[in-house]
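In: all I have is the shape, not the residue letters:
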């Protein structure tokens, strides 16, 4: 099982790097979806099937579809490709890579001090919902109020 | 909302049932190669050249069909035999151009050219679509059984002199003084 | 190797059966449609035209597999593969009969929904990569239609999930053995799921993404050969999937009189729904695009939410 986790993790990392390097926006988006699905597999292997499926439904299945939808409206042609290529110069890489390597170093130090064995316990849907509607009910309600506000305002804007 | 539900029940569900009930209605299809459809006698299909009741060619090579043909698919050449009968030396129909309009049949003064109910005209070679007189000529009279052009026309041919045609008066002798 | 849930043999058999059934549906649909239209349909190849599928296969395999030079080749090739993959993956959680299935997943219902939402990429990438205005219009319509109807599809199932208390499709069937088929308590959920299922597999009357009379063939206008064949078989696979889901969720799956095996009852019920979908195609005209969206968001969404609410109230009050 843990081998599957590492494979999925590697796929996620490679796909994410490909998202950055890819100049064709549609291909980049496909890699992003792949990365999200790989993360979903990671979740599943770590014992969170509900989170895994929600990742696939919500991120890969709904939000990314909307991204693609917008790209279809934008009519990206050869010129956007050329623009992307010109932006991919070596100079722009310096500062982000420095910052990212600082973060990576921090992450590695934290992980090296963490020597607890990974406990593979499956958290099923029932437990997740018991937690959501038990201790975290306030957060759920607040999130739902936010979503309701978004829904109402979207309806209002569409009416105009 | 209630009207929507009512409309769904009365319109969509009834439509579904009506279409479903066609399951036990006999199909209208005629399974063609196994079962030949009835072709009406005046169907405009393949063109033939007919003969008169005496077994002679009806066509007198008047060229009216070739003139009437909108796609110019008929070609023929007139010739004459020793008895004075006119007939085509060659008669050629290019069926790859023919549109089966039937104008040639309407133009024909001798009922020689006729359209038949035969519609199976496919060929593998394009050249085979060009039919000569030997291919076109049939042994029968086609749709008009008793008609013989030379019996009603005033033309003199071997065995039939002037005035011997049906309903034809004997020619007036313009040189005679007798009434 | 034994024939049990999850064994290699059962995976192979189920995969082969599902694909063969989907291919045969091409013939079934044409015959049934023709009977409803007082015709005979394909009856030339083999007995009753049964080998029509084989003839079609030979034709489609030997056709030129053409990728337009202006298309984005990567996405163009990927698109038909996605639809086949996600629909075949969805079949993995369907319980066909006791002991027949691929996985007994605790998140079976959610898995089907996730795969359905990934299916939207297939049509979108197909339309986008074709670089053709009809294809683009078709995939725009498809995207909006599929994400909208996914919402009602999910909510309409939740009534069943609440009644049975599990996302596992096999346990849902077992729960129906005790409580009776869920078509009775969840009739509204069933109707909404049926409508959403038609829209989700973009079959007629909701085939707006491919509406021939308006936009050629929609998103697969530029496709030919086996790539088109995959879209074509994918559509029928979707039809089989929706029918078997309806059977499992609302009509008690393999349950039935015990003198015949469960797989027979499952197939019978599924085929009845397949035939019903074909009847819908024969009878109902296609709505306009805005009518479809308005109907979904302003009628189906409130009704499905109300259904869920009432179901919840009844469950809580009987406990």
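Out: Alright, I've got the coordinates. Just so it is clear, the model here is predicted, and its values are computed rather than measured.

In: indicate the residue of chain B located nearest to chain A.
Out: residue B:1 (18.6 Å; Cβ to the nearest Cβ). For the C-beta atoms, the positions are set from N, CA and C on the backbone; glycine is no exception.

In: list, one by one, the residues from chain C near chain A.
Out: Residues of chain C lying close to chain A by Cβ under 8 Å from any Cβ of the partner chain are C:72, C:74-75, C:78, C:105-107, C:110-111, C:113-114, C:116-118, C:120-121, C:124-125, C:127-129, C:136, C:139-140, C:143-144, C:146-147, C:150, C:167.

In: what about residue C:66, neighbour count?
Out: As a burial measure, the neighbour count of residue C:66 was computed by other Cβ atoms under 10 Å in any protein chain shown and equals 12.

In: now swap in residue C:13 and tell me
Out: The local packing of residue C:13 (other Cβ under 10 Å) involves 14 other residues.

In: any idea how far it is from chain A?
Out: To chain A, residue C:13 is 25 Å away according to Cβ to the nearest Cβ, to the nearest Å.

In: one more: residue C:272?
Out: The gap separating residue C:272 from chain A is 29 Å, by Cβ to the nearest Cβ.

In: quick one: that residue and residue C:221, what's the gap?
Out: Shown here: residue C:272 relative to residue C:221, a distance of 33 Å by Cβ to Cβ, to the nearest Å.

In: with residue C:85 instead?
Out: Residue C:85 sits 22 Å away from residue C:221, taking Cβ to Cβ as the criterion.

In: who's more crowded, those two?
Out: residue C:221 (22 against 16).

In: C-terminal to the longest helix along chain C, what's the next element?
Out: When chain C is scanned for its longest helix (criterion: DSSP state H), the result is helix C:133-164. The first helix or strand that comes after helix C:133-164 along the chain, using DSSP states H and E, is helix C:169-179.

In: next secondary structure after that next one?
Out: helix C:187-200.

In: pull out the buried residues from that following helix.
Out: Residues C:188-200 are the ones in helix C:187-200 that count as buried (16 or more other Cβ atoms under 10 Å in any protein chain shown).

In: could you give the average pLDDT over stretch B:14-24?
Out: Averaging the model's pLDDT scores along stretch B:14-24 yields 87.

In: does it reach chain C?
Out: Yes: residues of stretch B:14-24 are located near chain C by Cβ under 8 Å from any Cβ, namely B:15-16, B:18-20, B:22-23.

In: need the residues you listed in a markdown table (columns: secondary structure and distance to residue B:128).
Out: Supplementary listing: the residues of stretch B:14-24 next to chain C in a markdown table, determined by DSSP: H, G, I helix; E, B strand; the rest coil; distance: Cβ to Cβ, whole Å:
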| residue | secondary structure | distance to residue B:128 |
| --- | --- | --- |
| B:15 | helix | 50 |
| B:16 | helix | 51 |
| B:18 | helix | 49 |
| B:19 | helix | 46 |
| B:20 | helix | 49 |
| B:22 | helix | 43 |
| B:23 | helix | 45 |
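
In: buried subset of the residues you listed?
Out: Buried residues within those, defined by neighbour count using 16+ other Cβ under 10 Å: B:15-16, B:19-20.

In: show me what residue of chain C gets nearest to chain A.
Out: Taking Cβ to the nearest Cβ as the measure, chain C has residue C:117 as its residue closest to chain A, at 2.7 Å.

In: how about the contacts made by that residue?
Out: When contacts are counted by Cβ atoms under 8 Å, 6 or more residues apart in numbering or on different chains, residue C:117 is found next to A:56-57, A:60-62, A:65, C:146-147, C:150.

In: cutoff 7 Å now
Out: Listed by Cβ atoms under 7 Å, 6 or more residues apart in numbering or on different chains, the contact partners of residue C:117 are A:57, A:61-62, C:150.

In: same question, residue C:227
Out: Residue C:227 makes contact with C:65, C:80 under the criterion Cβ under 7 Å, 6+ apart.

In: ok, it to residue C:203 distance?
Out: Note on residue C:227: its distance to residue C:203, by Cβ to Cβ, is 20 Å.

In: repeat that for residue C:297.
Out: Relative to residue C:203, residue C:297 is positioned 21 Å away (Cβ to Cβ).

In: outline the domain layout of chain A.
Out: Per automatic domain parsing, the domain ranges recorded for chain A read A:1-104, A:124-160.

In: now for the chain, the helix or strand with the poorest mean pLDDT.
Out: Using chain A. Least confident helix or strand of chain A, by mean pLDDT, DSSP states H and E, is helix A:78-87 with a mean of 77.

In: my bad, the chain I had in mind was chain C
Out: In chain C, no helix or strand scores lower on mean pLDDT, DSSP H and E than helix C:212-215, which sits at a mean of 79.

In: give me the angle between the next helix or strand after that one and helix C:187-200.
Out: Using DSSP H and E, the helix or strand that follows helix C:212-215 towards the C-terminus is helix C:225-250. Between helix C:225-250 and helix C:187-200, the angle formed by their directions is 180 degrees, by axes from the mean of the first three to the mean of the last three Cα atoms, to 10 degrees.
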